[in-house]
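A.B. asks: Below are the sequence and a predicted model for it; my questions follow.
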Amino acid sequence: DGAAAMLSGSSGGGSAATKGQQQQQPHHAPGGGGLSGGWLLLLYNNLMAMFEADAAWLAGCLPAQKQQLLVALMTAAFEKANKLVRVKLSALHNTKVLGGLLGDVLVAARRLRELLSTLSSASSPSAAAAASTTAAAAAAVAGGSDDSQVEVRLLKLLLDPLEQQVSRYSTLEEPVISAALSAALPINTSNRPAAAAADDEELESEVAQKLADVCSAAFVCLSGVVERCTLLTGGTELPQLVVNVDRQLAGYLQRIQAAVGIVSGRYSRLVASGAAAADISIMLQLIVLARHITTRLSSLETQVRSTLAKILPRLQQSATAGLPPVGLLRQHSAVQPAAAAPEGGGSSGAAAVSAAAAAAAAELLPLRLAAFPAKLQPLSKLQVAASNSRFMSLPAANASGSALCEAITAAVYGALLGPVTSALAPLPSLPEWTAGSATAGVAPGAGAVVPSFSAYPLPAVTSVGEYLMALPQQLEVLLGEGEAAAAAGSGEQQQQQQLMEEEADELATEWLDKVVHGAGLLYADSILQIKQLSPAGSVQLAADVEYVNNVMSALAVAPPPQLVTFQFFAAAPADTFDQAAAAAVAGGSADAKVLKAIAVMRGITWDENTAAGPGGGSAAGSSALDH
């Protein structure tokens with residue numbers, strides 16, 4: 001009844017001693033919906049003082065019934081008080097207050113175990129005197145086992161109200177996660193019926209870097225949430241928390257993908273309008289963003305999996321060991337929650353949890369596992385799932401991350417090949433392909449068309465070659481310096497900075513290969529659309545293709561088999577075309593489909609089916625591409 005008066009805020013309830021205790025109790029950090037101020041510690045101190053006083057009275061008046069009556073009293077008192085405590089704790093909405101409450105419950109658990117240990121030790125001499133036979137001794141042992149069960153049952157009653165809140169840990173972290181993942185992005189992704197034209201065309205040069213900074217803050221927060229859960233719950237609530245993090249992170253990465261789509265769309269409009277703001281470096285920075293997100297997501301996945309791998313054996317060992325020995329009663333100051341971590345300490349889990357709260361949670365953990373053994377079941381199921389080589393602790397987030405990186409790759413790839421596509425657009429219909437051969441002759445005995453002038457590559461082709469030759473420096477400078485600056489800014493050691501620069505150079509090389517190879521394929525598709533080749537046009541095409549192949553080789557990229565076939569057969573002697581083509585297909589050095597197209601363009605009769613040798617035309621093209 002005194003507890004009810006206290007929890008309801010009545011000032012008239014409680015004795016003078018209770019009021020004195022209330023004045024002496026330390027106060028927790030503010031916040032938590034009126035749950036601070038040490039009220040739970042005061043309540044349990046009052047209950048334990050009552051239990052200890054009744055234990056002393058029973059020891060003098062009813063020693064034979066002392067344990068039975070005191071356990072009955074504790075059970076009834078906890079059951080009644082728990083109803084009130086649950087109502088009060090229903091207002092809990094953050095983990096900072098939870099850390100303080102763990103310390104309060106720990107003090108009560110210590111006092112409860114101390115009191116129960118005195119009951120067991122007080123009954124031991126009489127039990128030992130009565131145990132004059134083996135049967136009596138066995139009964140004494142059985143009685144000790146009963147004492148342990150009684151202790152676990154009472155601990156469960158004591159811990160149950162707060163354990164219900166610990167089970168809500170994922171919900172308690174929900175506001176933190178939501179705030180981090182709903183932070184404003186540098187690109188507005190909200191659905192708008194119509195936006196201002198200026199806003200539609202606006203594209204900051206550092207938009208990708210700003211997106212990376214926002215993502216970094218979000219991943220730091222999530223990493224802290226996982227760490228904080230391990231510190232405050234021992235990892236028992238990690239399975240449900242991981243599900244929540246996975247779901248919300250997947251949605252967040254979808255928001256980032258929408259922002260990338262807007263950046264790509266605005267860049268395309270700027271390019272189409274010929275605006276000076278259409279700087280390709282804006283799109284290239286998205287490559288760094290994709291790499292950054294991939295690294296962060298991989299780190300978070302590794303953290304979750306390594307945490308699960310570490311905590312489960314420890315929890316299983318603790319549960320198997322049972323209740324730890326009862327220690328000496330320690331003062332509340334030993335576990336008093338310290339002040340909140342100072343501002344600037346970051347949002348990591350360790351910074352947000354005081355050392356006292358972490359210590360209290362660690363000491364409570366074996367008691368919680370003994371009282372609630374079912375806590376291990378979700379972790380055990382997760383351990384079984386993790387034994388699969390394809391297991392991912394964040395499946396939805398990893399899927400969204402992959403989709404985001406694919407979208408960035410497609411957007412950047414399209415932007416880098418945009419100039420090539422534009423330059424090659426008029427190529428199939430150029431008049432040079434059907435130009436007359438009045439100024440051309442035939443080399444004696446060769447049958448090949450030899451123009452009276454040197455065949456230089458067409459301007460459309462040379463513009464593509466010049467663009468490709470300028471790519472390496474642009475890619476290496478952007479990616480190399482960007483990553484190096486990021487490493488230096490984060491205070492990484494010189495060795496790690498050098499490693500990041502090397503990885504950035506590898507990324508630049510990868511994209512150079514991707515873009516140059518893609519440009520070669522675009523060029524091959526473009527010349528396959530040529531309808532007709534005159535003798536002079538054939539020579540012109542051969543010169544063009546040779547130029548492009550030389551550019552690709554200079555960039556250490558193998559020309560596609562289609563272009564190799566065009567280079568050697570676009571102007572090959574007509575009278576020996578059939579034999580040379582058949583030999584090339586049989587040897588796997590030419591693409592049969594391209595040879596057929598060349599024959600049609602030049603008006604040469606050539607049977608693809610007759611010419612196809614072992615391996616077939618398509619297999620030959622695949623072999624040449626692999627080479």
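C.D. replies: That came through fine.

A.B. asks: Can you point out the buried residues in stretch 286-297?
C.D. replies: Buried residues in stretch 286-297, counted by 16 or more other Cβ atoms under 10 Å: 286-294, 296-297. Every C-beta, even on glycine, is put in place using the N, C-alpha and C of the backbone.

A.B. asks: Please read the previous query as pertaining to stretch 233-249.
C.D. replies: Residues 233-246, 248-249 are the ones in stretch 233-249 that count as buried (16+ other Cβ under 10 Å).

A.B. asks: Mind listing residues that contact that stretch?
C.D. replies: The contact list for stretch 233-249 (Cβ atoms under 8 Å, 6 or more residues apart in numbering) reads 166-167, 169-170, 173-174, 177-178, 181, 218, 222, 225-226, 229-230, 300, 304, 307-308, 311-312, 315, 361-362, 365, 368-369, 375-376, 378-379, 381-382, 393-397, 400.

A.B. asks: ok, now stretch 299-307?
C.D. replies: With Cβ under 8 Å, 6+ apart as the test, stretch 299-307 has contacts from 219, 222-223, 226-227, 230, 235, 238, 242, 249, 386, 391-394, 397-398.

A.B. asks: Among the contacts of stretch 233-249, which are located in helices?
C.D. replies: Those of these mapping onto helices are 166, 169-170, 174, 177-178, 181, 218, 222, 225-226, 229-230, 300, 304, 307-308, 311-312, 315, 361-362, 365, 368-369, 376, 378-379, 381-382, 395-397, 400, per DSSP state H.

A.B. asks: Spell out, range by range, the helices that occur in the stretch 151-300 of the chain.
C.D. replies: 169-172, 174-181, 197-201, 207-233, 238-273, 280-321 (DSSP state H, counting those that start in this stretch).

A.B. asks: residue closest to the middle of this protein?
C.D. replies: Nearest to the geometric centre of the chain sits L297, at 2.6 Å (Cα atoms, centre = their mean).

A.B. asks: That one and A403: what is the separation?
C.D. replies: Using Cβ to Cβ, to the nearest Å, L297 is found at 12 Å from A403.

A.B. asks: joint contacts of those two?
C.D. replies: Taking Cβ under 8 Å, 6+ apart as the contact rule, L297 and A403 both touch L253.

A.B. asks: neighbours of K531, just the number please.
C.D. replies: Around K531 there are 10 other residues, counting by other Cβ atoms under 10 Å.

A.B. asks: So it, which state does it fall into?
C.D. replies: Recorded secondary structure, K531: coil (DSSP: H, G, I helix; E, B strand; the rest coil).

A.B. asks: pretty sure it contacts M601?
C.D. replies: Yes: assessed by Cβ atoms under 8 Å, K531 is found in contact with M601 at 7.1 Å.

A.B. asks: before we move on, back to that, show me which of the contacts of stretch 299-307 are buried.
C.D. replies: The neighbour-count test (16+ other Cβ under 10 Å) marks 219, 222-223, 226-227, 230, 235, 238, 242, 249, 392-394, 397-398 as buried among those.

A.B. asks: out of these, who's nearest G103?
C.D. replies: Among these, T230 lies closest to G103 (Cβ to Cβ), at 17.6 Å.

A.B. asks: burial of R228, as a residue count?
C.D. replies: Per other Cβ under 10 Å, the neighbour tally for R228 reads 27.

A.B. asks: related to what we said a few turns ago, whichever of the ones in helices among the contacts of stretch 233-249 end up buried, select them in PyMOL.
C.D. replies: What follows is the PyMOL syntax for the buried subset of the ones in helices among the contacts of stretch 233-249, where burial is set by 16+ other Cβ under 10 Å:
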select buried, resi 166+169+170+174+177+181+218+222+225+226+229+230+300+304+307+308+311+312+315+361+365+368+369+376+379+382+396+397+400
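
A.B. asks: Contact partners for A250?
C.D. replies: For A250, the contact set (Cβ under 8 Å, 6+ apart) comprises 396-397, 399-400.

A.B. asks: mind listing what T75 touches?
C.D. replies: Counting by Cβ under 8 Å, 6+ apart, T75 has contacts 153-154, 157.

A.B. asks: how far does the one helix or strand it maps to sit from the chain's center?
C.D. replies: Using DSSP states H and E, T75 maps to helix 66-89. Offset of helix 66-89 from its chain centre (Cα atoms, centre = their mean, to the nearest Å): 45 Å.

A.B. asks: Would you mind listing the buried residues in that helix?
C.D. replies: Residues of helix 66-89 classed as buried by neighbour count (16+ other Cβ under 10 Å): 66-67, 70-71, 74, 77-78, 81-82, 84-85, 88-89.

A.B. asks: on that earlier part again, pretty sure the residue nearest to the centre of the chain contacts A397?
C.D. replies: Yes: L297 lies in contact with A397 (Cβ under 8 Å); the separation is 6.5 Å.

A.B. asks: what sits in contact with each of these two?
C.D. replies: In contact with both L297 and A397: L253, using Cβ under 8 Å, 6+ apart.

A.B. asks: Near G401, how many residues? Count them for me, please.
C.D. replies: Neighbours around G401, by other Cβ under 10 Å: 24.

A.B. asks: before we move on, what about the one 4 residues further on?
C.D. replies: Summarising burial for C405: neighbours were counted as other Cβ under 10 Å, giving 21.

A.B. asks: before we move on, what about V516?
C.D. replies: Each residue near V516 was counted by other Cβ under 10 Å, and the total is 23.

A.B. asks: Check the secondary structure at it for me.
C.D. replies: Assigned by three-state DSSP, the conformation of V516 is helix.

A.B. asks: that's a helix at F391, yeah?
C.D. replies: No: F391 is assigned coil when assessed by three-state DSSP, not a helix.

A.B. asks: pretty sure it is touching Q383, no?
C.D. replies: No: the criterion here is Cβ under 8 Å, and F391 misses it with Q383 at 10.0 Å.
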